[in-house]
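Asks: Okay, structure incoming, though there's no sequence with it:
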């Protein structure tokens, strides 16, 4: 009986240790995602065009996405997403991004990834909790600069615009073939249970304290984009 009690205590201690490490990892990820958005807002001339950001229905940030390999490339990372609701922005939903791509690639590179969901169809994919990024109008490398070129078709059928940031510079990123899905471990560590994407991203779940800084960064980035867009329209 004593051995069983000791074994249960060891298992319980292990679970608590894992939960603590998981919560720490999520907290650090939220802070890194906040930093990416803050820096994006501070460099509008070299970042995501204001009209693109102002039109986005959802924003997802994956800090330090690792991509690369040899012969067969790959990409993997964990991040956080939020969507617009009638009351502002939803609480964060935790995601993972993974997938491979054939081709001759050597080396590993860590980049910050930003995905902007631009229409209801793209938002529907995100709410499904798991989808594969494909081309042909559903996902595209986003335009960069203060303004989106009038010749681009980002307002047409593109469901998602993707960006990478390396060494402070934003660039459009091709993410075709990657799989985006719910990060259940992170979700449980923050919300206490595996709540669904729909519940979180539709604003049915309150924002946890650990995500306050990230939500503030989202609000500032979106607000600045709206103000700058309106200011530029007045000058025309």
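Replies: Perfect, I can see it now. Computed from a prediction, not measured in an experiment: that's the story for all the values here.

Asks: Can you pull out the low-pLDDT segments for this structure?
Replies: 1-22, 41-46, 67-75, 100-109, 135-137, 145-157, 167-169, 225-236 (pLDDT under 70).

Asks: Now do the strands in it.
Replies: Counting by DSSP state E, the chain has strands at residues 58-70, 72-85, 88-89, 93-102, 108-117, 130-132, 139-141, 160-166, 169-172, 179-182.

Asks: I'd like to know which of those is closest to residue 215.
Replies: strand 88-89 (6.3 Å; C-beta to C-beta). C-betas here are computed from N, CA, C, even on glycine.

Asks: And the strands of the chain: which comes nearest residue 26?
Replies: With C-beta to C-beta as the yardstick, what comes closest out of those is strand 93-102 (7.0 Å).

Asks: can you list contacts of that closest one?
Replies: The contact list for strand 93-102, computed with C-beta atoms under 8 Å, 6 or more residues apart in numbering, reads 26, 60, 62, 65, 69, 72-82, 113, 132-133, 175-183, 186-187, 190, 197, 200-201.

Asks: hmm, which of those are the buried ones?
Replies: 26, 60, 62, 65, 69, 73-75, 77-82, 113, 133, 175-178, 180, 182-183, 186-187, 190, 197, 200-201 (16 or more other C-beta atoms under 10 Å).

Asks: Give the bridge partners for residue 171, please.
Replies: residue 164 (DSSP bridges).

Asks: Can you get me a residue count around it?
Replies: Using other C-beta atoms under 10 Å, the number of residues around residue 171 comes to 13.

Asks: Use 37 as the first number from now on
Replies: Let's use 37 as the start, then, which means that last one is residue 207.

Asks: Alright, I will stop here.
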